[in-house]
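A.B. asks: got a predicted structure plus its sequence, pasted below:
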Amino acid sequence: MSKISSSKKLILEDLPAEQRSWMKKVIEPLNRFLEQTYFALVNGLTIRDNLKAQISDSTVEINQVYPVKIAWTLNERPSAVLVALIQDDLGSAIPAYSMTWTIDSGVLKLTFNGLTATNKYNLKILGLV
């Protein structure tokens, strides 16, 4: 894929003279749109602001009864549920684990394998529609 051009503005004077009068009304809103789109596409898109997604933070004890339940507040089912962050309560990364998920009546149900049953874990779960 090629890099996005930094040219993000149409200039009225670049157009033929006979088109300038009616194009003036089009160019201003179009330039605003092009500028916003350019800045969004050049490191400006975020999951939280630009994608239909839900990010949930929670702390769980793995010795609790499975599944871990998280309320799903979006009006569509997720197509993917990912662990964006998992660390123990001391802040250490977790080297190997797996997670499966289901959704039922607006509740995400997560089951983890490979975690120590006596620890607490900080989770950041990302659900994408």
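C.D. replies: Thanks, I have it. Numbers count the residues shown, from 1 in each chain.

A.B. asks: name every strand pairing with the strand or helix carrying Leu126 and say which way it goes.
C.D. replies: In this assignment (DSSP states H and E), Leu126 forms part of strand 120-128. Strand 120-128 has the following strand partners under DSSP bridges: strand 53-61 (antiparallel), strand 80-88 (antiparallel).

A.B. asks: out of those, flag the one nearest Leu41.
C.D. replies: strand 53-61 (18.3 Å; Cβ to Cβ). (C-beta placed from N, C-alpha, C; glycine too.)

A.B. asks: so which residues make contact with whatever helix or strand comes next after that closest one?
C.D. replies: Where DSSP H and E defines the elements, the next helix or strand beyond strand 53-61 is strand 68-71. Strand 68-71 is touched from outside by 56, 58, 60, 106-112, 123, 125, with contacts defined as Cβ atoms under 8 Å, 6 or more residues apart in numbering.

A.B. asks: list the contacts of the residue nearest the centre of the chain.
C.D. replies: Centroid check for the chain by Cα atoms, centre = their mean gives Ile47 as the closest residue, at 2.1 Å. Residues in contact with Ile47 (Cβ under 8 Å, 6+ apart) are 53, 55, 126.

A.B. asks: do that again at 10 Å, thanks
C.D. replies: The contact partners of Ile47, taken as Cβ atoms under 10 Å, 6 or more residues apart in numbering, are 53-55, 84, 126, 128.

A.B. asks: which of the residues in stretch 90-108 are classified as buried?
C.D. replies: Neighbour counts using 16 or more other Cβ atoms under 10 Å place 94, 99, 101, 108 of stretch 90-108 among the buried residues.

A.B. asks: which pLDDT value belongs to the first one?
C.D. replies: Think Ile94. pLDDT recorded at Ile94 is 84.

A.B. asks: what's the answer for the last one, then?
C.D. replies: Each residue has a pLDDT score; the one for Leu108 is 95.

A.B. asks: distance check, it against Thr59.
C.D. replies: Counting by Cβ to Cβ, to the nearest Å, the gap from Leu108 to Thr59 is 16 Å.

A.B. asks: how far out from the middle of the chain is stretch 38-55?
C.D. replies: In terms of Cα atoms, centre = their mean, to the nearest Å, the centre of stretch 38-55 is set 6 Å apart from its chain centre.
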